[in-house]
Each structure stands twice: as structure tokens, then as C-alpha cells.
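J.: My questions concern the predicted model and sequence given below.
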Amino acid sequence: MHISSITSMNLYKHNQPQKRLNTVGQPSFKSGKVNAYFDFDLTYCPVSQENLRLGTCYDKKNFRKYCESFAEFTDEAGDDFKFHVTTGRTLAEYEIISRLIRKCGYKLPLPSSVITKNGSDEYIKSAKDDAFYVNGDFPFSKKSRNISKEEDINALTNWRGPEIQKKVREILNSYDFKIFDADSEMPVVDQGDKSLFYNGRLRYEHNIQLKPGMPPTSDWNVGIRNDGNCKIFFTLPYDMLYCKERTEVLNDILAKINDYLAQTNTRAYVRLNRSEVFCASRPSVVIEPLVDSDIEKCQSVPKSDKGLAKFYDTRLAVRGAEENNDLVIVAGDGSNDFTMLNPAMYLDIDADKYPKLYNLLGSPQEFLEELENNKEKYAEISARLENLPFVGIVVETDGQRHPLDSIVRAYGSGKYKKIIMVENAMLESGIKEAIKAYSKQNPKFEEQMGINIFQAIC
């Protein structure tokens with residue numbers, strides 16, 4: 001960003017009326033605003049739940065400084081900057097770690113909304129942070145759900161969550177399962193009475209030796225996780241895929257679910273996870289709206305991305321930013337953040353018109369090579385990628401191979417620089433760098449950037 005343009009913009013903005021949000025809790029796509037989406041664990045919250053619980057492996061003074069500095073940044077940026085947490089947690093799991101943060105004496109700023117279970121239900125903040133940190137009133141609940149998102153998904157796929165949940169439960173009951181409901185499939189040590197494994201609801205059965213053709217051994221129990229209205233998750237007996245007669249029951253269950261979805265003209269994605277790591281390696285079933293069937297045409301993108309993923313919300317935000325001269329920042333650290341951090345996914349490439357390029361969407365370096373080797377053919381796509389109002393922030397992890405390495409290598413430098421990599425607990429600096437970099441790239445955004453966000457990044 002050039003100093004001369006910053007100075008003249010600063011003098012100009014002090015004499016201009018300030019823009020404001022026109023709705024409460026919803027992103028208002030006005031010119032020069034920044035809308036951010038952060039993964040939670042080890043991205044926005046730089047310390048793990050285990051470390052918070054045990055009080056280990058983290059410099060407490062640094063975490064407090066991180067929280068205070070981010071609060072100062074968001075306060076100064078005001079309505080020019082809105083951030084959302086998009087997490088793999090359920091709402092109850094997010095509340096548990098939020099209360100743990102509060103109990104430990106920290107005040108990590110709360111987002112405008114929380115999007116749960118990797119793109120599922122969105123809950124809009126209904127009160128200021130002090131209501132939680134002073135009085136303990138958690139400002140996210142079922143009453144604060146973003147109903148308009150559910151209506152949009154219904155219009156797109158005919159998805160009716162409560163009705164489908166009722167039918168799934170009816171099908172499971174017909175096989176005499178003992179059904180348990182809870183807010184989490186995660187261990188009791190972190191989730192307490194919210195866990196499916198609390199007080200023997202479901203048992204850990206790792207002592208059972210799984211062998212093909214084995215007789216029925218595991219408890220005939222099913223656990224249903226409270227996922228809200230936009231997704232359905234249920235676990236199955238530990239030996240469901242190894243005992244022939246139980247596997248036949250599973251096939252019947254899946255067939256009945258698919259028949260019901262077809263009869264109700266519901267576009268849904270039903271997938272079987274053979275071993276759910278966080279659910280004591282039990283098999284599980286996920287049912288979610290089918291929002292992007294074209295993913296089937298792309299060999300390089302996981303088929304699971306055709307369902308309702310984190311990318312659903314960030315893609316809509318980027319489309320709105322293109323229309324309104326705004327910027328979208330997306331941050332993450334893990335494989336479940338890959339699609340929403342991949343700039344090429346926001347180009348809305350026609351799978352039939354450009355099949356080769358579309359098929360390379362999930363292979364960042366190969367995608368750019370194809371783009372550059374056929375400049376004339378892809379001139380419009382190339383220009384759009386350069387001007388995309390998107391910057392991704394990848395947070396480093398302790399692993400030897402970062403799950404987002406291919407995105408960083410492709411988009412971390414050069415003509416299509418759209419990715420910034422930062423160390424753990426350095427998200428705020430990444431945000432400031434992202435806004436400055438995009439301002440330099442897009443003079444129109446720089447001119448119309450709100451004075452509040454401008455002052456916050458200086």
C-alpha cells in the first residue's frame with residue numbers, strides 16, 4: 001500500500017459520513033468492508049481444549065495478550081469488519097470450550113455468528129460479549145439460528161431437516177435399536193454429559209476383535225448427535241460392517257433413507273463413514289443437503305465437498321463481495337479447511353465448458369499450470385482469479401507436512417498471490433497483511449475502505 005494514497009485517503013475519510021450495517025447479525029455487503037470466516041480450533045483459538053483444560057503447553061500471558069489485542073482490533077474496526085467462526089464442532093461443543101476459556105479468565109472476542117459442523121447450521125450472536133464474559137449468558141442458541149440460510153438450502157435442495165430427522169429415527173426404531181441422543185460424539189473428558197459416551201450411553205468397545213463374518217457382538221445401540229437442522233449424524237454398532245446379518249440391516253437402512261429422500265424429491269448426500277475416529281472408531285452415517293452435484297465431475301476434489309461444507313458460506317460471501325467491492329478473508333489450519341481456502345473454487349468454472357480445468361480444481365499447482373499454459377483460452381478466468389476479492393490465511397501446525405501445503409505453494413506468491421501463511425497465534429497480523437495486500441491490488445477497494453478498518457490496520 002503506497003503511503004501517499006493512504007495519507008490522502010485518510011484526510012478524505014474524516015469528512016465523510018460513516019456507513020453502517022443495515023441488518024443485525026447478518027453480513028451487510030457495503031463497499032470497502034471486510035467479512036472474515038475463521039476455523040476455530042488452532043486457527044482463531046490458538047490453544048487446544050486439552051491445553052486449556054490442563055493448563056499446559058501454552059504461555060498464558062501470550063494467550064491473554066492475543067485475546068486483548070484482537071478485541072482492540074475488532075473494536076477499532078467496528079462495523080467495517082465482521083468475523084464468523086466456521087467450525088467442525090456442534091454448537092454445544094463450541095459452548096463448552098467457550099465456557100472453558102471464560103473459566104480460565106480469558107476473553108476471546110465472540111464472532112458475529114457461529115457456523116457449526118463444517119458448514120451446517122448458523123447461529124447469530126444475540127448479545128454483546130460482556131453478557132457472556134461478565135454474566136455467563138452464552139449469546140448463541142437454537143433461537144438465534146439463521147433461518148434464511150435454512151430457507152435458501154430448502155429452495156436449492158428441498159431439504160427439510162426436522163422431517164428427515166423424524167423419518168430416520170422412525171427407520172432406526174423399526175430395527176429395535178436402543179437410541180441415545182447427545183450433543184457430541186467426542187470423549188467424555190472434554191464434553192462431559194454432552195458426550196454420547198457419558199454415563200454408559202454408548203460403550204467403548206475396542207476390546208472386541210473385528211473380523212469379517214464374525215457373530216453379533218457389539219451392543220445393539222445407535223447414537224444420534226444433535227446437529228441442528230441442516231445435517232444428520234448417527235453412529236452404528238461397532239461390528240456393523242463385520243457381522244453379515246448386521247451389514248444387511250445397514251444396507252436396508254440406507255436403502256430406506258434413500259427411498260424416502262427420492263420420494264420427497266430431496267437432493268441429499270448420504271455417506272457412510274466406515275470408522276469415525278472421534279466416535280471410538282464406530283461406523284457412522286451423515287446425511288446432508290446436496291448443494292453441489294457437479295463435484296462428481298472433478299476427480300481432484302473430495303466427493304464429500306458436494307454436500308454442505310464450510311465452502312457453502314464462504315462462496316456466497318465472495319459472490320457478494322464481488323458485487324459490492326468488499327473483501328472476504330478465510331482462515332484455517334486443517335484438511336477440512338482445504339476447499340474454502342482454495343482460491344480456484346470461487347471461480348464458478350463451468351464443468352462442461354472447461355472440463356480439464358474444472359477437474360484440476362483440487363490440485364492447485366496443476367490448476368495454475370493449465371491456466372498459464374492456455375492463457376488465451378482462459379483469459380477471462382485468469383483475470384477473475386487475479387481480481388478475486390478473497391485472501392486466505394493458512395495457520396502453521398506442528399505437523400511435518402501441513403495439510404494445506406499445496407495451496408500455500410501455488411497461491412503464496414507470484415501473479416495469483418491469494419494466500420498468506422502465519423504462525424499459530426498470529427492471525428491478527430495475517431488479517432492486517434491480507435487487507436493491505438488486497439488494498440494495493442484493488443485501488444477501488446482502497447478508496448472506499450471504511451475509515452475504521454483503515455485505522456485498525458495501520
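T.: Looks like it came in fine.

J.: Every contact and neighbour count from this point should use C-alpha atoms.
T.: Will do.

J.: A155 falls within a strand, correct?
T.: No. Applying DSSP: H, G, I helix; E, B strand; the rest coil, one finds A155 to be helix, outside a strand.

J.: so who does K306 touch?
T.: By C-alpha atoms under 8 Å, 6 or more residues apart in numbering, the residues touching K306 are Y269, L290, V291, D292, S293, D294, I295, E296.

J.: So among the residues you listed, which ones count as buried?
T.: Neighbour counting by 16 or more other C-alpha atoms under 10 Å classes Y269, L290, V291, D292, I295, E296 among the contacts of K306 as buried.

J.: where's the second one relative to M345, distance?
T.: Meaning L290. Separation of L290 from M345 (C-alpha to C-alpha, to the nearest Å): 17 Å.

J.: next one: the third one
T.: When distances are taken as C-alpha to C-alpha, V291 and M345 turn out to be 14 Å apart.

J.: After the worst-scoring helix or strand of the chain on mean pLDDT, which helix or strand is next?
T.: Ranked by mean pLDDT, DSSP states H and E, the weakest helix or strand in the chain is helix 3-13, scoring a mean of 30. Once helix 3-13 ends, the next helix or strand along the chain (criterion: DSSP states H and E) is strand 34-38.

J.: ok now that next one, how far from the chain's centre?
T.: 11 Å (C-alpha atoms, centre = their mean, to the nearest Å).

J.: And for stretch 259-270?
T.: 24 Å.

J.: Which residues does that stretch contact?
T.: Contacts of stretch 259-270 (C-alpha under 8 Å, 6+ apart): 157-159, 258, 285-291, 306-307.

J.: show me where the stretch 101-250 of the chain has helices.
T.: 129-133, 147-157, 161-173, 188-191, 244-263 (DSSP state H, counting those that start in this stretch).

J.: re the thing from before, for the contacts of K306, which one is nearest P139?
T.: For these, the closest approach to P139 (C-alpha to C-alpha) belongs to V291, at 28.9 Å.

J.: Run through this structure and note the low-pLDDT ranges.
T.: Residues of the chain meeting the criterion pLDDT under 70: 1-30, 57-58, 399-401.

J.: try 90 this time
T.: 1-31, 54-61, 206, 277-278, 296, 299-300, 302-304, 397-403, 450, 458 (pLDDT under 90).

J.: need the helices for the stretch 351-458 of the chain, in chain order.
T.: Along the stretch 351-458 of the chain, counting by DSSP H, counting those that start in this stretch, helices occupy 355-359, 364-373, 379-387, 405-411, 427-441, 443-448, 451-457.

J.: what would those helices look like in JSON lines with distance to K142 and mean neighbour count?
T.: Output for the helices of the stretch 351-458 of the chain, formatted as JSON lines (distance: least, C-alpha to C-alpha, whole Å; neighbours: other C-alpha atoms under 10 Å):
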{"stretch": "helix 355-359", "distance to K142": "38", "mean neighbour count": "18"}
{"stretch": "helix 364-373", "distance to K142": "38", "mean neighbour count": "16"}
{"stretch": "helix 379-387", "distance to K142": "38", "mean neighbour count": "15"}
{"stretch": "helix 405-411", "distance to K142": "35", "mean neighbour count": "19"}
{"stretch": "helix 427-441", "distance to K142": "29", "mean neighbour count": "19"}
{"stretch": "helix 443-448", "distance to K142": "36", "mean neighbour count": "18"}
{"stretch": "helix 451-457", "distance to K142": "31", "mean neighbour count": "19"}
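
J.: Please identify which of the ones you listed is closest to Q191.
T.: Nearest to Q191, of these and by C-alpha to C-alpha, is helix 427-441 at 26.6 Å.

J.: So which elements touch that closest one?
T.: strand 327-332, strand 390-395, strand 419-422, helix 443-448, helix 451-457 (3 or more C-alpha pairs under 8 Å, 6 or more residues apart in numbering; DSSP states H and E).

J.: quick check, nearest of the contacts of K306 to G200?
T.: Nearest to G200 among the contacts of K306, with distances taken as C-alpha to C-alpha, is Y269, at 31.0 Å.

J.: Kindly provide the distance from the closest one to W220.
T.: Counting by C-alpha to C-alpha, the gap from Y269 to W220 is 25 Å.

J.: swap in F140?
T.: Counting by C-alpha to C-alpha, the gap from F140 to W220 is 35 Å.

J.: what do you get for S195?
T.: When distance is defined by C-alpha to C-alpha, S195 is 18 Å away from W220.

J.: And A309, by the same measure?
T.: To W220, A309 is 31 Å away according to C-alpha to C-alpha.

J.: now swap in G332 and tell me
T.: Counting by C-alpha to C-alpha, the gap from G332 to W220 is 38 Å.

J.: For these two, indicate the residue with more neighbours.
T.: Per other C-alpha atoms under 10 Å, whichever of G332 and W220 has more neighbours is G332, with 28 against 18.

J.: neighbours around the residue nearest to the more buried one when sequence neighbours are not counted, how many?
T.: Here the nearest residue to G332 in space, its sequence neighbours aside, is D39; by C-alpha to C-alpha, 6 or more residues apart in numbering that works out to 5.0 Å. Neighbours of D39 under the rule other C-alpha under 10 Å: 25.

J.: who's in contact with D39?
T.: Taking C-alpha under 8 Å, 6+ apart, we find D39 in contact with V85, T86, T87, A331, G332, D333, D337.

J.: just checking, the first one touches Y37?
T.: Yes. Judged on C-alpha atoms under 8 Å, V85 makes contact with Y37 at a distance of 5.8 Å.

J.: what residues do the two have in common as contacts?
T.: In contact with both V85 and Y37: no residue, using C-alpha under 8 Å, 6+ apart.

J.: Now tabulate the helices and strands packed on helix 427-441 in a markdown table and tack on distance to Q263.
T.: Putting these into a markdown table (distance: least, C-alpha to C-alpha, whole Å) gives the following:
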| stretch | distance to Q263 |
| --- | --- |
| strand 327-332 | 38 |
| strand 390-395 | 40 |
| strand 419-422 | 44 |
| helix 443-448 | 48 |
| helix 451-457 | 50 |
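
J.: Out of the ones you listed, which gets nearest to I407?
T.: strand 419-422 (7.6 Å).

J.: Tabulate the helices of the stretch 351-458 of the chain in CSV, adding columns for distance to N226.
T.: Shown next, in CSV, are the helices of the stretch 351-458 of the chain (distance: least, C-alpha to C-alpha, whole Å):
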stretch, distance to N226
helix 355-359, 35
helix 364-373, 35
helix 379-387, 39
helix 405-411, 33
helix 427-441, 31
helix 443-448, 41
helix 451-457, 38
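
J.: F180 is nearest to which of those helices?
T.: Closest among these, using C-alpha to C-alpha: helix 427-441, at 38.8 Å.

J.: Now do the closest one against strand 390-395: the angle between them, please.
T.: Helix 427-441 runs at 150 degrees relative to strand 390-395, counting by axes from the mean of the first three to the mean of the last three C-alpha atoms, to 10 degrees.
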